[in-house]
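structure for the following, please:
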Amino acid sequence: MRGMDFAVKPVLTGAKVVLRPFTAEDADLMWEIVRDPEVVRFTFEPDTALTRERLHSWYGSRSTARDRLDLAVTDRLTGELVGEVVLYDVDPHARSCVFRTLIGPGGRGRGLGTEATRLIVGHGFEQGGLHRIELEVYGHNHRALRAYEKAGFVVEGVRREAALREGRWVDEVVMGVLEHEWRASAPGGRATPGRPEGAV
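As a prediction, the model looks like this:
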């Protein structure tokens, strides 16, 4: 990922999770995860059309995408796939990108999402040469806001009543973390790099 080329897909190992490249075989489990009511509530627009076939094609192509890094979040103890973390929308001149994640019901309430966030953010700074990583989150998604703050993100601004969800207006919160903030805070959950996909 040096020079913000996402062609090499790493395996990142933490105390609780392993982040690994996606395969087409993950699509069936991701189909169940993306249909979870909490994931729909906080992730997708109400009219987003997802099909199992589209997910098979999508996750089957993640290993060859050079412009983004999509990794499966798995429980280190059981190997269960519980969600995903993504770095995308890279600006090479600003050395920045956008982060997003979704965690299904099997991975909630155990710190897996927080650790997965720390692992991929650390990878982006330490191996990818990034200077800034940002995200957007709905203001009523309190679980995610806490997890992102634990992972080092700070609130940079609020787009007030920017989205209509379930019949009410909600805020969109912009959060970011800078490379020097990351290094100064030295958060837990640093990755143990595994063998990258395609490595000799």
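
ok, the residue positioned nearest the centre of the chain to residue 164 distance?
Centroid-nearest residue in the chain: residue 85, 2.3 Å away (criterion: CA atoms, centre = their mean). Using CB to CB, to the nearest Å, residue 85 is found at 27 Å from residue 164. Where you see a C-beta, it was placed from the backbone N, CA and C, and this is true even at glycine.

can you give me the helices in the protein?
For the chain, the helices defined by DSSP state H occupy 27-34, 37-43, 52-60, 112-126, 142-150, 179-185.

next, the angle helix 27-34 makes with the third one.
Spelled out, it's helix 52-60. If you take axes from the mean of the first three to the mean of the last three CA atoms, to 10 degrees, helix 52-60 sits at 110 degrees to helix 27-34.

off-centre distance for helix 52-60?
Distance, stretch centre to chain centre, for helix 52-60: 18 Å (CA atoms, centre = their mean, to the nearest Å).

which other residues reach that helix?
Residues outside helix 52-60 that contact it (CB atoms under 8 Å, 6 or more residues apart in numbering) are 22, 23, 24, 26, 27, 28, 30, 31, 34, 70.

got a markdown table for the residues you listed, with neighbour count too?
Listed next are these as a markdown table, based on neighbours: other CB atoms under 10 Å:
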| residue | neighbour count |
| --- | --- |
| 22 | 21 |
| 23 | 13 |
| 24 | 15 |
| 26 | 21 |
| 27 | 19 |
| 28 | 13 |
| 30 | 22 |
| 31 | 17 |
| 34 | 19 |
| 70 | 22 |
